[in-house]
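A.B. asks: This is the structure alone, sequence omitted:
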């Protein structure tokens, strides 16, 4: 993978991390899983097409694309879900 492609993927991950942190500010209790759904929707709407484009233009392999999505993008959604789970119970 070329350095400029690595840089672009890192930038996408940084943006998604900022989004996750923003969503975390809205977690009030352990029932706020809708935030995870909204975050996943944003990833699929905004980042997924960019990542697919990198694959379609042969800048990354299919395995690299799947690895990035699973271990970097979707991991952020799982991290957010863990924060929701740790939040206080709804009263």
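C.D. replies: That came through fine. Quick caveat: nothing in here was measured; it's all calculated off a predicted structure.

A.B. asks: okay, CA-based contacts and neighbour counts for the rest of this
C.D. replies: Noted.

A.B. asks: which non-adjacent residue is nearest residue 47?
C.D. replies: Spatial nearest neighbour of residue 47, excluding adjacent residues (CA to CA, 6 or more residues apart in numbering): residue 12 at 7.0 Å.

A.B. asks: Which of the helices or strands spans the one you found?
C.D. replies: Residue 12 is part of helix 3-24, with elements assigned from DSSP states H and E.

A.B. asks: And residue 31, by the same measure?
C.D. replies: For residue 31, there is no host helix or strand (DSSP H and E).

A.B. asks: Neighbours of it, how many?
C.D. replies: Other residues within reach of residue 31 by the criterion other CA atoms under 10 Å amount to 14.

A.B. asks: Please name the nearest non-neighbouring residue to the residue nearest to the spatial centre of the chain.
C.D. replies: The residue lying closest to the centre of the chain (CA atoms, centre = their mean) is residue 73, at 3.2 Å. Distances taken as CA to CA, 6+ apart place residue 13 nearest to residue 73, at 6.7 Å, with adjacent residues excluded.

A.B. asks: quick one: that neighbour and residue 70 touch, right?
C.D. replies: No - contact criterion CA atoms under 8 Å: residue 13 and residue 70 do not qualify, at 11.8 Å.
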